[in-house]
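Asks: can't give you the sequence, but here's the structure:
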């Protein structure tokens with residue numbers, strides 16, 4: 001069971017996310033790497049299992065069209081400086097969910113976003129278990 005993963009291994013786990021995007025997230029501080037190793041070709045990042053969980057959460061947030069600054073804020077509050085466990089909860093303004101609301105109303109025929117804010121929960125423990133299962137296969 002490896003504890004550090006190369007960029008190549010991370011690319012295998014996150015096939016839907018280009019490696020350039022992952023590097024961008026690391027450079028912006030959204031994801032913390034475990035360290036780096038130098039060889040004759042340069043310096044290469046190493047990712048911990050916690051880094052992989054962070055990548056998965058950032059991938060979810062960015063997929064939901066959260067801004068870089070909002071994603072960074074959520075990551076800072078929940079991950080940086082400590083290992084997140086349990087659930088991450090945060091709100092979305094009603095304006096940001098207009099399209100989701102329209103689709104939901106069309107499917108269900110009601111207004112699920114009657115309040116001004118909707119809480120979204122990401123269960124970090126579930127993500128960590130899935131990441132560990134995938135990482136153990138590398």
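Replies: Sure thing, it's come through. Worth saying up front: this structure is predicted, and the values here are computed from it rather than measured. Numbering: from 1, shown residues only.

Asks: hey, let's count contacts and neighbours off CA atoms from now on
Replies: Will do.

Asks: pull out the buried residues from the helix or strand harbouring residue 21.
Replies: Secondary structure from DSSP states H and E places residue 21 in helix 19-27. Within helix 19-27, the residues scored as buried using 16 or more other Cα atoms under 10 Å are 19, 22, 25-26.

Asks: which of those residues sits closest to residue 130?
Replies: Within the buried residues of helix 19-27, proximity to residue 130 (Cα to Cα) peaks at residue 22, which comes in at 18.8 Å.

Asks: hang on, residue 32 in a helix?
Replies: No: the assignment for residue 32, made by DSSP: H, G, I helix; E, B strand; the rest coil, is coil rather than a helix.

Asks: hey, which helix or strand in the chain has the poorest pLDDT?
Replies: helix 98-108 (a mean of 50; mean pLDDT, DSSP states H and E).

Asks: can you pull out the residues in contact with stretch 127-134?
Replies: For stretch 127-134, the surrounding residues in contact (Cα atoms under 8 Å, 6 or more residues apart in numbering) are 13, 49-50, 52-53, 56-57.

Asks: and it, which residues are buried?
Replies: So stretch 127-134, judged by 16+ other Cα under 10 Å, has buried residues 127-128, 131-132.
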